[in-house]
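>>> Predicted model and sequence below, questions to follow.
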Amino acid sequence: MNAVIYLLTTVITKNETGQVLARQHYCLHSICEHFSAQWQTLDDAERDLIDDVVGVSLLQQQTCYNLITALSACVSNPRNELDQQLCADRLMTEIFLVIDGCVGCELLKHTTFLLNALLDDCLSNKKMALKANGLEVLLSCLIGLGSQS
């Protein structure tokens, strides 16, 4: 599965037509579903260790990062608001759960990059993030990171 996700990411990165085709042919839907399924299959201990290759299998770790990267590529064009809205509708709450549970910086980096792409020039997604208590989650995460250092 990682090879397919990587290939799709390569095709849609900085390619507006590729992004539209990914949505029209339900690739974006599928990536969203795989992200949800991947995150839900991990228990709390595994989620805490996603940045630690010893704690979680390398395959799980790579799949998680590849899915986030593919989602980011799908929504990274602010003129492509349909992809941003579709992804946000399906994953906004889950994205904040990932951020809230982040212990390691690598997963946080990938996830906040996706969040930034979702919110870029999309007022409805910004409102959705506020309703999902996104600012509180981000503030809590920053405080947690500050206390670790």
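Nice, thanks for sending it over.
>>> Could you use CA atoms for every contact and neighbour count after this?
Will do.
>>> next helix or strand past the helix or strand of the chain with the lowest mean pLDDT?
One helix or strand of the chain scores below all others by mean pLDDT, DSSP states H and E: helix 44-48, with a mean of 61. Following helix 44-48 in sequence order, the next helix or strand is helix 58-75 (DSSP states H and E).
>>> Buried ones in that following helix, by neighbour count?
Under the neighbour-count criterion of 16 or more other C-alpha atoms under 10 Å, helix 58-75 has 60-61, 63-75 buried.
>>> What ranges in the chain fall below the confidence cut-off?
Applying pLDDT under 70 to the chain flags residues 42-58, 78, 103-104, 149.
>>> what ranges do the helices span in it?
Assigned by DSSP state H, the helices in the chain fall at 2-12, 16-24, 27-41, 44-48, 58-75, 81-101, 105-119, 123-131, 134-148.
>>> Buried residues of the longest one, list them for me.
By neighbour count, with 16+ other C-alpha under 10 Å as the criterion, the buried positions of helix 81-101 are 81, 83-88, 91-96, 98-101.
>>> The second one now?
Within helix 16-24, the residues that count as buried by 16+ other C-alpha under 10 Å are 16, 18-20, 22-23.
>>> Kindly reformat these as JSON lines containing distance to residue 115.
Listed next are the buried residues of helix 16-24 as JSON lines, based on distance: C-alpha to C-alpha, whole Å:
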{"residue": "16", "distance to residue 115": "19"}
{"residue": "18", "distance to residue 115": "20"}
{"residue": "19", "distance to residue 115": "17"}
{"residue": "20", "distance to residue 115": "19"}
{"residue": "22", "distance to residue 115": "19"}
{"residue": "23", "distance to residue 115": "18"}
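>>> Among those, which one lies nearest to residue 5?
residue 22 (11.6 Å; C-alpha to C-alpha).
>>> was I right about the closest one contacting residue 28?
Yes - judged on C-alpha atoms under 8 Å, residue 22 makes contact with residue 28 at a distance of 5.7 Å.
>>> Please enumerate the shared neighbours of the two.
Common neighbours of residue 22 and residue 28 are listed as residue 74 (criterion: C-alpha atoms under 8 Å, 6 or more residues apart in numbering).
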